[in-house]
Each structure stands twice: as structure tokens, then as C-alpha cells.
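In: need a 3D model of the following:
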Amino acid sequence: MEWLDPGKVLFRVDDYAVVVDSVLGADNFTVDLNLASRQEKELKNGARRVDRSQITLWDRQTVALLEKTDEGKFIYSFVRPEIIDPAGFPINKPDEAPSKE
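Out: Residues are numbered from 1 along each chain as shown. Here you go, the predicted model:
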């Protein structure tokens, strides 16, 4: 995941940046998310803390992530992808679900 791409930064909290990279599932009902959070300031040894998570969600499903920072604070992240067309309209209706055929 490229950290220099500002289009992928979901939000920043204190000295942490949360980045998301998403891929539409082949069924058009799921989204594969690669989430990463990185500590912006370097640690004493010059390294930076990076935590990564991968998850597959249904369209409009919400996931909550909890992370404890090095300072003892907690960061709660709620991510809810919605699959839309280029004009911004939803691809799937809220009551639609993929068939099991």
C-alpha cells in the first residue's frame, strides 16, 4: 500500500494516518478492504509502527476496528463501503442480495 498517495488516506488521528485500499468483489456485492494505520512520527529506533487488516464486507455493511496507540489512547474506526456507479448512484438496492444459484 502506497503511503504517499493522499487519495487513499481515510483520516488522521493525532500522529496516526489510516489508509484504505478497496477492490470490488467479482460478485458486485462485496468489497475487499485492505486497511492500514501508520504512526506518522518515528519511534526512538527510527522505525514507524504499521498495523494492517484485511476484510471482505457486503455492500453497506459496517465494520468497527479498535487500535491502541503507543501513548495508551484508543482509536475507533468505523468503515462502511457503498458500491456506487460513476454518477454516484448505488449499484445494488438495499434489499438486494446475491442469488445462491
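In: how about the least confident helix or strand in the chain by mean pLDDT: buried residues?
Out: Across the helices and strands of the chain, mean confidence by mean pLDDT, DSSP states H and E is lowest for strand 9-13: a mean of 73. Residues of strand 9-13 classed as buried by neighbour count (16 or more other CB atoms under 10 Å): none. The C-beta positions use only the backbone N, C-alpha and C, and glycine is treated the same way.
In: before we move on, what about stretch 57-74?
Out: In stretch 57-74, counting by 16+ other CB under 10 Å, buried: 57-59, 67.
In: return the distance of whichever strand or helix holds Ser53 from the chain's centre.
Out: Using DSSP states H and E, Ser53 sits in strand 50-58. In terms of CA atoms, centre = their mean, to the nearest Å, the centre of strand 50-58 is set 6 Å apart from its chain centre.
In: can you give the contact residues for that strand?
Out: Applying CB atoms under 8 Å, 6 or more residues apart in numbering, the contact partners of strand 50-58 are 1, 25, 29-39, 63, 65, 67, 79-81.
In: tell me which of these fall in strands.
Out: If you go by DSSP state E, the contacts of strand 50-58 have 30-39, 63, 65, 67, 79 in strands.
In: of those residues, grab the buried ones for ChimeraX.
Out: Entered in ChimeraX, the line below selects the buried ones among those, by 16+ other CB under 10 Å:
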select :30,31,33,35,36,37,38,39,67,79
